[in-house]
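# give me coordinates for this.
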Amino acid sequence: RDFSVPDAQSSNVGEFAVVKTYFATNRGYNVGEPPYSMFNERPTSETTFGKNYIILPREPELQPDEPKTLFTLNINGAKYEPSLSQNTILSSEEFSDSINSDTRELDGSSALIYVHGFNESFENSVIRAGQISYDLGFPGSTFVFSWPARHSVTTYLGDLERARNSQKHFELFLNQILSTTGTRQIYIIAHNMGARIVSSTLKHLYSVQPRYRDRIREVIFLAPDIEANRFSEEFAMFIGTKNAPITLYSSENDPALEISKMFTTDALAGDSKERLLIVDNVETINAGATSLSLNGHSSRSDANSILGDIWDLVRNNLRAISRSKLTTRYSDEGSFWEYPR
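Numbers count the residues shown, from 1 in each chain. I've put the predicted structure just below:
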């Protein structure tokens, strides 16, 4: 194994799980810093590729669904909290070679990509990606794209510009996976401002490489911080299709959207407090007051998290009308779904 954990022993019944995540970022970094502080908030013109390892406490309820290849261990005197254990920077060639090696080892070709939103650090974004992957029992490779969001609620407008400038880096990252690896099924989860990066990138990518559309299996937006009219007119018809619609979880109280509404009078695609967005090629789920942060362990039976519904979408390939946790509703604009309140 190309990682080390002090005072740890591998064990088939270990209390901790090791989740490998691949990353791409346009954050600045300092080699030699501890993993949790290696990448900073400074934007760069370069895209850095790499991989890292997340140490997570295992959950008894989730253990039956863990991938068979999951590496588990015991750690003497460890605290029961997720941690970023190691960052390794890779060249683009090493990045692709490692992914292809994992694809052969895992006997699969699926990928889960997480793109964080406003006010999230590199460390938190990587831990969250690993946590989502573990909670879903995801059998393929896990990725995170971490753009240089600042860890402050006072930098919203500046971070909008940083998100726009990060689109070319995310497209390079996505194209690297699609053009140089055997990954065939990609699931993308993007939270609030991260949905801006994903939407603009996919619209452009599909226009220049339409064959890639078949390999993007699902696009999932959590409280997307995008103007509702812009989302409907610019993105929905280009990203989603009737057979493979975008999944949009709308929130009544997403903290990042509350900040966004301080700077715009336009309705937001991810905000259901004033208007629920219902449009063709999108399956809209009104999550109400349920948290969409996916922060901390969640299970399929946890009514306070939408993780169980994402499980049915990603693991069971069920569209909204067939997912048991959702209630179908009807309006003049069309059908939508509600998550238990």
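# you'd agree Arg230 is in a helix?
Yes. Assessed by DSSP: H, G, I helix; E, B strand; the rest coil, Arg230 belongs to a helix.
# give the burial count for it, as a bare number.
Neighbours of Arg230 under the rule other CB atoms under 10 Å: 15. Bear in mind the C-beta positions are built from the backbone N, C-alpha and C, glycine included.
# can you offset everything so residue one is 24?
Noted, 24 is the first residue going forward, which turns the last one into Arg253.
# what's the spacing between it and Ala218?
Noted for Arg253: a distance of 11 Å to Ala218, by CB to CB, to the nearest Å.
# what's the answer for Ala310, then?
Per CB to CB, Ala310 is found 15 Å from Ala218.
# residue contacts, Thr44?
74-77, 149, 152-153, 156, 165-167 (CB atoms under 8 Å, 6 or more residues apart in numbering).
# distance check, it against Arg234.
Look at Thr44 and Arg234: by CB to CB, they are 27 Å apart.
# same question for Leu183.
Applying CB to CB to Leu183 and Arg234 gives a distance of 32 Å.
# between these two, which one's more packed in?
Neighbour comparison, Leu183 and Arg234: the larger count goes to Leu183, with 16 against 8 (by other CB under 10 Å).
# does Ala213 touch Phe244 like I think?
Yes. Ala213 lies in contact with Phe244 (CB atoms under 8 Å); the separation is 5.6 Å.
# between the two, which contacts overlap?
Jointly contacting Ala213 and Phe244 under the rule CB under 8 Å, 6+ apart are Val221.
# between these two, which one's more packed in?
Between Ala213 and Phe244, Phe244 has the larger neighbour count (other CB under 10 Å), namely 31 against 25.
# how would you label Thr351: helix, strand or coil?
When the rule is three-state DSSP, Thr351 gets the label strand.
# where in the chain is pLDDT low?
Residue ranges of the chain with pLDDT under 70: 24, 130-131, 320, 364.
# all helices in it, in order from the N-terminus.
Using DSSP state H, the helices of the chain run over residues 115-129, 145-159, 179-188, 190-203, 217-231, 251-253, 260-262, 278-283, 330-337.
# for Thr204, give its distance to Gly181.
Noted for Thr204: a distance of 34 Å to Gly181, by CB to CB.
# same question, Ser358
For Ser358, the distance to Gly181 equals 39 Å [CB to CB].
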